[in-house]
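Asks: Next comes the sequence, and after it the predicted model I'd like to discuss.
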Amino acid sequence: QVQLVESGGGLVQAGGSVRLSCAASGGTISTISMAWFRQAPGSARELIVQNNWSWTGTTTYYADSVKGRFTISRDNAKNTMYLQMNSLKPEDTAVYYCAGSSEGSIGYDYWGRGAQVIVSS
């Protein structure tokens, strides 16, 4: 069972940058699909980045709301995934969750507890 822990959230001014980390334990993330979600107050959880792993390679999809501003990456040696967030806007304020999908699973089985990001105007 993979455990995920997010870190790196906080308060940032609009236009600033934040990098979130998602550290995994109990299993490797190098051969599973991963994603970042976020949930703003009063809103449903939103999938913002998918990083889909397969034996032929990895593909990444970004939601339009973050495309060009957010970048997902992984450091397999550290068993950690990152989300670099640039040009932040107040509407990016949310709790950010990392998630992982076990082999053969359709959805995401592993979830972190979330990291709060607040963007002030």
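Replies: Nice, I can see it.

Asks: CA atoms for contacts and neighbours, from now on please.
Replies: Will do.

Asks: Name every strand pairing with the host helix or strand of V95 and say which way it goes.
Replies: For V95, the host element (DSSP states H and E) is strand 94-101. Note on strand 94-101: by DSSP bridges, its sheet partners are strand 33-39 (antiparallel), strand 110-111 (antiparallel), strand 115-120 (antiparallel).

Asks: mean confidence score for that strand?
Replies: Averaged over strand 94-101, pLDDT sits at 97.

Asks: One more: stretch 20-40?
Replies: 96.

Asks: was I right about F37 contacting V49?
Replies: Yes: using Cα atoms under 8 Å, F37 makes contact with V49 at a distance of 7.0 Å.

Asks: Distance check, the spatially most central residue of the chain against S121.
Replies: Nearest residue to the geometric centre of the chain (Cα atoms, centre = their mean): W36, 2.7 Å. Using Cα to Cα, to the nearest Å, we find W36 at a distance of 24 Å from S121.

Asks: Spell out the secondary structure type for E91.
Replies: Assigned state for E91: helix (three-state reduction, DSSP: H, G, I helix; E, B strand; the rest coil).
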